[in-house]
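# Predicted model, plus sequence, below.
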Amino acid sequence: MPELPEVEVIARGLDASVTGRTVESVTVPGLTRLSEPEETLVPKVLGRSIVRAWRRAKVLLMELDNGSTLAFHLKMTGRVVHGPARAAEKHDRILFHLDDGSLLSFADMRKFGYVRCFERGELDCWDFLCKVGPEPLETAPEVLAERVTGRNCAIKALLLNQSVVAGVGNIYADESLFRAGLNPETRGSRVGRKRAVLLFTELQAVLRQAIDENGSSISDYVNAHGNAGAFQNSFNVYGRKGQACNQCGGQLRAVTVAGRTSTFCPKCQRRR
DNA sequence: CCAAGCACCTGACGGC
DNA sequence: TGCCGTCAGGTGCTTG
């Protein structure tokens, strides 16, 4: 699934290509279980034009000209792509036909994702966004560090917890822990202030680099124009269990933390 | 309060 | 070839 960098890249691409376009018609091959029902969703969108697209946490947002906002959560395999008109494909869940003849599609193979439309003012009351923590690229590392030091959970679990910091998923948690030399199982309470500041400084660097490289494509992710990202070629640890550490040459290992596979270097990321 | 486990889905891949 | 188990970028609910 798209984490913060992937959703950011999609949002920027959409903001550049669909802003000003009007939704002329909508076809619904079959919405996902967590989506808003077609009967209420479609009337809110029909005839509206798109004002802007942006991101908060891992949620893709598109504001419409009546003040309502479309919200997409892509979860593991969701895609939102803008391109030329085409016939519906197997995993398409909803298709927005725009006034220039182009198509905005939401597809999701595993159906975990969803799309909902919030009317003016409702977005600010959405429980999900209200609970989400600060944006890691808009918050000082020193401030973020305070949110993990002193807590008894594993540092990896804290990074994945969206109320601690927004937008971090399994890839960027593992990559930032490696860069900071922190073992994923280390408790927040055992991470010193200085090391915690380093962790969030490295998290910012890794997120910025991933955005610059158009995100990470493992199998499903593509940007708003259907293109794969390149940051997967820069992974130090994610998905590299058994391979050699880029820093010390030792063999990378994997453990399960917070229910997720966590790949790390036992030499460069010692437990403390 | 916290952590662990599982549920939600489909598809790809490896082993037999 | 096919069947079975395992795993996958996330979140939310239940259980202990």
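Here it is on my side, so go on.

# could you pull out the helices for chain A?
Counting by DSSP state H, chain A has helices at residues A:4-18, A:38-45, A:127-131, A:141-146, A:155-160, A:170-180, A:193-212.

# now these as TSV including distance to DNA strand C and mean neighbour count?
The C-beta positions use only the backbone N, C-alpha and C, and glycine is treated the same way. Listed next are the helices of chain A as TSV, based on distance: least, CB to the nearest atom of the strand, whole Å; neighbours: other CB atoms under 10 Å:
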stretch	distance to DNA strand C	mean neighbour count
helix A:4-18	5	23
helix A:38-45	18	15
helix A:127-131	5	11
helix A:141-146	17	16
helix A:155-160	7	25
helix A:170-180	4	25
helix A:193-212	10	19
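
# What residues does the stretch 151-272 of chain A have near DNA strand B?
Within the stretch 151-272 of chain A, the positions lying close to DNA strand B (CB under 7 Å from any atom of the strand) are A:151, A:152, A:153, A:154, A:157, A:219, A:258, A:259.

# Name the nearest of these relative to residue A:201.
Nearest to residue A:201, judged by CB to CB, of those is residue A:151 at 19.1 Å.

# what's the nearest residue to the closest one if we skip its chain neighbours?
Computed as CB to CB, 6 or more residues apart in numbering, the closest residue to residue A:151 that is not its neighbour in sequence is residue A:188, at 3.7 Å.

# ok, now which ones touch that neighbour?
Residues in contact with residue A:188 (CB atoms under 8 Å, 6 or more residues apart in numbering) are A:148, A:149, A:150, A:151, A:152, A:153, A:154, A:155, A:158, A:196.

# quick one, phi psi at the first one?
Dihedral pair for residue A:148: phi -120, psi -30, per degrees, to the nearest 10.

# sorry, back to before: can you tell me which of the residues of the stretch 151-272 of chain A next to DNA strand B has the most neighbours?
residue A:157 (21 neighbours; other CB atoms under 10 Å).

# Now do the domain split for chain A, please.
A:4-130, A:141-264 (automatic domain parsing).

# Could you tell me the end-to-end distance of the last one?
With CA to CA, to the nearest Å applied, domain A:141-264 spans 22 Å between its terminal residues.

# likewise stretch A:17-37?
By CA to CA, the extent of stretch A:17-37 from end to end equals 27 Å.

# Quick one: distance of that stretch to the chain centre.
Relative to its chain's centre, stretch A:17-37 lies at 20 Å (CA atoms, centre = their mean, to the nearest Å).
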